[in-house]
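[1] Give the three-dimensional model of this entry:
(chains A, B, C and D)
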There are 2 protein chains.
Amino acid sequence: MAFQALADPSRRAMVERLVQGPASVSELAKPLAMSLPGVMQHLAVLEASGLVVTEKIGRTRTCRLEPKVLTRAEQWIADRRALWERRFDRLAQYLDETKDE
Amino acid sequence: MAFQALADPSRRAMVERLVQGPASVSELAKPLAMSLPGVMQHLAVLEASGLVVTEKIGRTRTCRLEPKVLTRAEQWIADRRALWERRFDRLAQYLDETKDE
DNA sequence: CCCATACTTAAGTTGATACTTAAGTATTGT
DNA sequence: ACAATACTTAAGTATCAACTTAAGTATGGG
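    Numbering: from 1, shown residues only, chains lettered A, B, ... in the order given. Now for the predicted structure:
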């Protein structure tokens, strides 16, 4: 679900903001040419994915990044890339070993 | 566009298959409880994202992974995670420096 | 030449996404 | 108490995404 969450540019912008530290909903909304409810919906997706956790204190909700899910997504890619590279190396090795033909 | 492409489980399955080496369209389709045109559409998304390149020889189209885009996506996450960790470190340092209060 | 193979194109359906506006509900400052 | 702030909920619309079936187009083997 993390890739799904990161697929939208507005949500990526929100993540980029939260990388700098916690923010309220309206702080997240400010740079986003979009109504507040629109932002709330994106925030809900980010929370559902586990990328962001929020806590409401008084009338403001504070949002912060939860990097575990970010790490998992990164790891998924890294693992696949590693597999691909391993295969590529085996191929190179094979080509090298049979170059006498 | 890479996150968008990786957001769908069928497309991730296709990527996982291609990590093992090139495959034809029908090889990609085989494990996928889906019609061939359905697979073609996913393949088009993967190609548009640059994650996969294909080449048609005779009547079979061979698909292979292009890891550059995978690396870019990985890097995007790694960069944000690094920023987040840097901020976290600064915070810890700040808390440490002011702990006399 | 003929038929099976391997895709490809077109078109349609369904459901999910990305918004919107309008009308709430709590909290806070005066 | 009252008004402003900070979200929240509900409901509606429009576009996109993920399929489907039906009907093609090459290509390759016999």
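[2] Pretty sure A:G38 is one of the things A:V25 touches, is it not?
    No: in this structure A:V25 lies outside contact range of A:G38 using CB atoms under 8 Å: 11.3 Å. All C-beta spots, glycine's among them, are computed from the backbone N, C-alpha and C.
[3] more crowded one of the two?
    Using other CB atoms under 10 Å in any protein chain shown as the criterion, A:V25 and A:G38 rank with A:V25 on top: 18 against 13.
[4] Excluding residues flanking it in the chain, which one is nearest the more buried one?
    Nearest non-adjacent residue to A:V25, counting by CB to CB, 6 or more residues apart in numbering or on different chains: A:R61, 5.2 Å away.
[5] hmm, the one helix or strand that neighbour maps to touching DNA strand C?
    For A:R61, the element it lies in under DSSP states H and E is strand A:60-65. No: shown here: strand A:60-65 not in contact with DNA strand C (CB under 7 Å from any atom of the strand), separated by at least 7.8 Å.
[6] That strand close to DNA strand D?
    Yes: using CB under 7 Å from any atom of the strand, strand A:60-65 comes into contact with DNA strand D via A:60-61.
[7] Mind listing what's buried along the helix or strand following that strand?
    Next in sequence after strand A:60-65, counting helices and strands by DSSP H and E, comes helix A:67-97. Using 16 or more other CB atoms under 10 Å in any protein chain shown as the burial criterion, the residues of helix A:67-97 that qualify are A:67, A:69-70, A:73-74, A:76-78, A:80-81, A:84.
[8] How much space separates A:S10 from DNA strand C?
    4 Å (CB to the nearest atom of the strand, to the nearest Å).
[9] Need the residues that contact stretch A:8-23.
    Contact with stretch A:8-23 is made by A:5-6, A:27-28, A:31-32, A:34, A:39, A:42-43, A:45-46, A:51-52, A:62-65, A:70, B:3, B:80, B:83-84, B:87, as judged by CB atoms under 8 Å, 6 or more residues apart in numbering or on different chains.
[10] That one near DNA strand D anywhere?
    No: using CB under 7 Å from any atom of the strand, stretch A:8-23 stays clear of DNA strand D, with a minimum separation of 8.8 Å.
[11] That stretch: which residues count as buried?
    So, applying 16+ other CB under 10 Å, buried residues of stretch A:8-23: A:8, A:10-11, A:14-15, A:17-19, A:22-23.
[12] of all those, which comes closest to B:E97?
    Closest approach between these and B:E97, by CB to CB: A:P22, at 20.2 Å.
[13] Relative to A:C63, how far out is the closest one?
    Taking CB to CB, to the nearest Å as the measure, A:P22 falls 6 Å from A:C63.
[14] what do you get for A:D79?
    29 Å.
[15] what do you get for A:L83?
    Remark: distance between A:L83 and A:C63 (CB to CB) = 35 Å.
[16] and what of A:L46?
    In terms of CB to CB, A:L46 sits 8 Å off from A:C63.
[17] neighbour count winner among those two?
    More neighbours surround A:L46 than the other of A:L46 and A:C63, with 26 against 20 (other CB under 10 Å).
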